[in-house]
Every structure is written in C-alpha cells, then in structure tokens.
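>>> quick one, what's the 3D model for this:
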Amino acid sequence: MIVAAVKEKNEFENRVSITPDTCKSYIKAGLDVIIEKNAGYNASFLDAVYKDSGAKVLDRKQVLQQADILMSVSTMLENSDLEILKNKAVIIGGFNPYENSDKIQKIIGKNLSLISLDFLPRISRAQSMDILSSQANLAGYKAVIEASSIFKKALPMMMTAAGTIIPAKCLILGAGVAGLQAIATAKRLGCVVSAFDVRPEVEEQVNSLGAKFVKVEDETNTKEAQTVYAKEMSEDYKKKQLKAIHDVAINMDIIISTALIPGKKAPLLIESNTIMQMQSGSVLIDLASSSGGNIEGSKIGEKVNINNCIVYAPTNLPSLIAYDASLLFSKNIFNFISNFITENKTFDIEAKDELLLKTILVKNGNKTENFYDG
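The predicted structure follows:
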C-alpha cells in the first residue's frame, strides 16, 4: 500500500502531512511512501531528506495516480486533482467540515473516501491522534509570541538602575488546549495572567499555571455537567459574562481569545466599548475569527487599529511554526492510520472501530451520517 502527501495549496498553509520522521515509521510498518516535489519545503523539510528517509519524490500527477492513502493538512483537493486520484483512494486530514462542507461535497459520487480527524472522538486512546489538540497547543503558544512582537512594552517586570518596569497584564479568554498553552507561555514571559472560561471546572487548571480565574456567578450554568468543549450559554449568562470580562479587560495590556463552540458561531466576548476603554497600545489577538470572532471589529488576517489598540486576527498560527506543527500533525495521522492497517498491508475501510466510524465523512463516494451539510 502506498501512502502519500502532496503540496498544500491553501493560502498561508506551510505545513506538510508527512515528515521524514513519519516517512520512516510508515516504511517500518511495511508501507511505501511517495511525496510531491517540494511538499515539505515551506516547513523546512527538503526533498533530499525525504529520499534519505526512503520516500520517492514525484510530481503531483504521479503522486495522485499512485496513492492509496493521501494525507493532507487542510487542503481540499481541486476537481482536477480528484479526476486524477486513484480509484478507491482514502483521503485523510483536517478539513474543518463545519466551514468547508461545500468543498467536501466535491467528493460525493466519486469512488473515494474522506476522513476528517476534526471529528475524532475525545477519548483517551485517541489522544495521540488528536490533530485539534496538537495544533491548538502550538497556536496558543504562537499567539502570545505574536502579541509580544506587536506590544510596544516589555512583558516581564524589570528592576533597573533607571527604574522599574512593571509586568504586562494578560487576559486569556478560553481555557481549552490553546488557552492553557497561552497562559503557560505568558507566565513564562513574565506577564501577570488572568483567564476566563465558561466551564467552572477548569479553574483548577488555570490556577495551577499561576493565573487568576475570572468567575461569572451563575447558579444555573454551574450545575451543568462537565464537558470537554465549551457549550452555548443562556442569554442571562452571556450578559453577566460580558460584564465580568469587561471589568477585567479594561485594565489589561494583552488579550488573547481562543473561545470556540464546534459547529457554531464563536461567542462575542470583547465588545467595542470595552476596547475603547482599554489603555492606548493594548494588543488583542482573536484566534476565533474564522468562526465569527470573539472580539468585535476583528478581521481575518488583519491588524485593525481601534482607539490606538491593535486587534489582530492571525491566519493559521500553527503554519507560522510549520516545522514543529508538521512533526506533530504527521505523527497524529500516522497513529490513526496504524490502527487500520491489515496483515495484508491495506487500509481497513470497513472497520467497526469508533475512531473510524466517527471520522469518515464520505465512504466510497457516499455520504455517511457524519457528513455536515451546513
């Protein structure tokens, strides 16, 4: 069986779905690896290194014609690619089905299968395959680095002969994987950190990283069962939430928002009137802009000046550290595929494992129950 990767075509996408390290792993497992020329170049993986690792480096058409399993980070193949792709091939990657259902429709009717690891169940044995967590972790880190490069002050306290520089105050909105990494990174850089999340059970994790947890007192919602993801809150809670965040935010130097609800519009957490009351030079980073944004006025890929505060909605932060992001992403996919390789070295598309049943959107050209129509 041949596993393959082609060069990503999405704008701002520098990652690659197979690295030289995972190439060796596939070959050790008895599979052949082919990769498009320069597919890893933007992530600092050269063709010569792939060849040394045992892969064949071919042009795009040759890769598509031969691939039994085609890996992708985020790029949905164009129609011209799909026409070339080998019959019964399996496409695996992270395709963000909630926002790209129209693009995924192109697979319907073709004798191809599509697996999106965005839908991987959040169970313990799937942790090593979890692309959302591995990439969000890096996004949280990079968000703080981006904020520090824009912010016109030092982050840590500094005692100098000329006087004392006070530490920057940083607020993290959302204490999921990205948020927790942002907290940890901001603390390491010397910031005084506060954090907010709708899930009261994450307070202990926030405090363990040295940050102060911002609470919204609401008896109804705190009685709800614990959940991995943030959920849609009541209108009454949202009003209390905006007030609590506003009161803290106006005194912050840096705000990083990471709050997302799968399949729904991102909650608005910072309104323009809050930004208008923040200190000149403050920096706000919105990681939820692709889903509508947590910060009013944010625009995807742009730095917007509001009352001399910079609101930045970066595009694809993991891609800015493509080397490490590719290492983790490619390992996630390898760990997933390894579960479904048969003794005959084929991919078992008929497996009844929930890891496959929950992530396969198109099977042999037909929609599955997981398919998201928007």
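>>> all contacts plus neighbour counts: C-alpha atoms, from now on.
Will do.
>>> residue at max distance from the center of this protein?
Ala161 (43.3 Å; Cα atoms, centre = their mean).
>>> retrieve the pLDDT associated with that one.
At Ala161, the pLDDT value in this model is 95.
>>> can you map out the strands along the stretch 101-250 of the chain?
Here the stretch 101-250 of the chain has its strands, by DSSP state E, counting those that start in this stretch, at 113-116, 158-160, 163-165, 169-173, 192-196, 212-214.
>>> what does the last one contact?
Outside strand 212-214, the residues within contact range by Cα atoms under 8 Å, 6 or more residues apart in numbering are Val193, Ser194, Ala195, Phe196, Asp197, Glu203, Val206, Asn207, Ala244, Ile245.
>>> okay if I get these as CSV plus neighbour count, pLDDT and distance to Thr342?
Output for these, formatted as CSV (neighbours: other Cα atoms under 10 Å; pLDDT from 0 to 100; distance: Cα to Cα, whole Å):
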residue, neighbour count, pLDDT, distance to Thr342
Val193, 26, 98, 49
Ser194, 22, 98, 49
Ala195, 27, 97, 46
Phe196, 27, 96, 46
Asp197, 23, 94, 43
Glu203, 19, 96, 44
Val206, 24, 97, 43
Asn207, 15, 97, 46
Ala244, 17, 94, 54
Ile245, 21, 95, 52
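>>> now, which of those sits nearest Thr185?
Val193 (10.0 Å; Cα to Cα).
>>> surely the closest one and Gly179 touch.
No. The criterion here is Cα atoms under 8 Å, and Val193 misses it with Gly179 at 11.4 Å.
>>> which neighbours do these two share?
Going by Cα under 8 Å, 6+ apart, residues that sit against Val193 and also against Gly179 are Ile172.
>>> roughly how far does Ile261 sit from Leu64?
35 Å (Cα to Cα, to the nearest Å).
>>> more crowded one of those two?
Leu64 (25 against 14; other Cα atoms under 10 Å).
>>> where does the more buried one land in three-state SS?
Following DSSP: H, G, I helix; E, B strand; the rest coil, Leu64 is assigned to helix.
>>> identify the spatial nearest neighbour of it, chain neighbours not counted.
Sequence neighbours aside, Leu85 is the residue nearest to Leu64 in space, at 4.6 Å (criterion: Cα to Cα, 6 or more residues apart in numbering).
>>> what's the answer for Tyr312, then?
Lys303 (4.4 Å).
>>> give me every residue that touches the one you found.
Contacts of Lys303 (Cα under 8 Å, 6+ apart): Ile310, Val311, Tyr312, Ala313.
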